[in-house]
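Trainee: Got a sequence here, can you model it:
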Amino acid sequence: MNAVLKPVTPPDYLVADLSLAAWGRKEIKIAETEMPGLMAIREEFAAKQPLKGARITGSLHMTIQTAVLIETLQALGAHVRWASCNIFSTQDHAAAAIAANGTPVFAVKGETLEDYWDYTHRIFDFGAKGTEGEGPNMILDDGGDATLLMHLGKQAEKNPAVLANPGSDEERILFAAIKAKLAQDSTWYSRKSAQIIGVTEETTTGVHRLKEMSAKGTLMFRAINVNDSVTKSKFDNLYGCRESLVDGIKRATDVMIAGKVAVVAGYGDVGKGSAQALRALSAQVWVTEIDPINALQAAMEGYKIVTMEYAADKADIFVTTTGNRDVITYEHMAAMKDQSIVCNIGHFDNEIQVAKLEEKCQWEEIKPQVDHVIFPDGKRIILLAKGRLVNLGCGTGHPS
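Mentor: Model prediction:
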């Protein structure tokens, strides 16, 4: 009698190493004790299942702390699918722990941009094509990439020309991913987006994107600005960055900060926390800021207010915190001292002109997420996390 072989169903997750799950679970348990708000919500509301029927696509840094959030959403009845919102921010043991617990998660620290957009597509696949539960009914976003994917993909279904002229290598990869998906399924984006009730956006950069879409009248669903809640902007942005910035710099470089001149570009909530952290380690902190009120605040706190042009050839450490592009240009970096440390704690890597560094300079990896960028004259700067979030690329992000 011949045995009947059942088809093997591939696991609905993609992580670096599932054997890290036990380690991740131990750290999740520690984080739970440091996150009493979420744990109290579980205790009070789990029996009532208020999120029953929620299908949540999560695009948020896959860290230990995020694992506590994910499992809280699940405890309240939600189904979730998760990917990281940054190619360097995943903690592989955290991803392994929730994958081992049955959560569909697609996140690997150091994943390629091609992988990143593949994983972001996967977190929208909840059910069979054409069913009521095919896609999510909510996006939990950080930086706006998941929301952008839905909007741009749906536009491309009707007008492929929107994908014709990528403005950067990252856009080229994104556009290619959308084209490939449309070649497989020409209505994938419109079907998924039709089921989405709304999005919550967690960071300043993503909120800017949402406001732009809203102003143009192109925003397809409701959006909640989580970033501007007091507990996010005045606590997480300020106090979280105050701890995680220097942790990332120290882990990456192992240099003494005391006595060095450190430039913080931007004096919003993230910049305030970053400046405090560097000053606490006895750096001389200079601030660049285009808003006169914020600049005056920095001056009243005792920081020296400068321009990047003035600071470029004098400072030792440079940190961008603005959410704007081209804050540190190639010309700024070409003027810097040998072995200057350059990093970013804003959401995207375009605060620093990394693309021009890739085009014009040689690169030498010191260790993962720490590179020497060698200029034509032989001078080197130390670039952290390839210009992406230093606290998550070189550290573990905000503590519990």
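Trainee: Now do the contacts for Asp291.
Mentor: For Asp291, the contact set (C-beta atoms under 8 Å, 6 or more residues apart in numbering) comprises Tyr267. C-beta coordinates here come from the backbone N, C-alpha and C atoms, glycine included.
Trainee: Next, it: phi, psi?
Mentor: Asp291 adopts backbone torsions of phi -80, psi 120, taken as degrees, to the nearest 10.
Trainee: can you list the weak-confidence ranges in the stretch 1-150 of the chain?
Mentor: Along the stretch 1-150 of the chain, the parts satisfying pLDDT under 70 run over 1-10.
Trainee: repeat that for 80
Mentor: For the stretch 1-150 of the chain, the stretches flagged by pLDDT under 80 are 1-11.
Trainee: The stretch 201-350 of the chain now?
Mentor: 348.
Trainee: can we see that at 90?
Mentor: Scanning the stretch 201-350 of the chain with the threshold set as pLDDT under 90 gives 203-205, 227-228, 231-236, 323, 346-349.
Trainee: show me where it has helices.
Mentor: Here the stretch 201-350 of the chain has its helices, by DSSP state H, counting those that start in this stretch, at 204-216, 230-231, 241-253, 269-280, 292-300, 308-311, 330-335.
Trainee: okay, these, which one's buried deepest?
Mentor: Most buried of the helices of the stretch 201-350 of the chain, by mean neighbour count (mean count of other C-beta atoms under 10 Å): helix 269-280, with a mean of 24.
Trainee: Need the contact partners of that helix.
Mentor: Outside helix 269-280, the residues that reach it (C-beta under 8 Å, 6+ apart) are 204, 233-234, 237-243, 245-246, 257, 262, 264-265, 267, 285, 287, 289, 294, 297-298, 301, 303, 317, 319, 321-322, 345-346.
Trainee: ok so, going back, compare the helices of the stretch 201-350 of the chain and give me the one nearest Ile196.
Mentor: Of all those, it is helix 204-216 that lies closest to Ile196, at 13.4 Å by C-beta to C-beta.
Trainee: what's the offset of that closest one from the middle of its chain?
Mentor: 16 Å (C-alpha atoms, centre = their mean, to the nearest Å).
Trainee: And for stretch 288-297?
Mentor: For stretch 288-297, the distance to the chain centre is 26 Å (C-alpha atoms, centre = their mean).
Trainee: How about stretch 280-298?
Mentor: 25 Å.
Trainee: Just the endpoints, please. Distance across that stretch?
Mentor: 15 Å (C-alpha to C-alpha, to the nearest Å).
Trainee: before we move on, back to that, from the contacts of helix 269-280, which land in strands?
Mentor: Judged by DSSP state E, the subset of those located in strands is Ala262, Val264, Ala265, Val285, Val287, Ile317, Val319.
Trainee: Spit out the contact partners of the second one.
Mentor: Residues in contact with Val264, defined by C-beta under 8 Å, 6+ apart, are Gly271, Ser274, Ala275, Leu278, Val285, Trp286, Val287, Thr288, Tyr303, Val319, Thr321.
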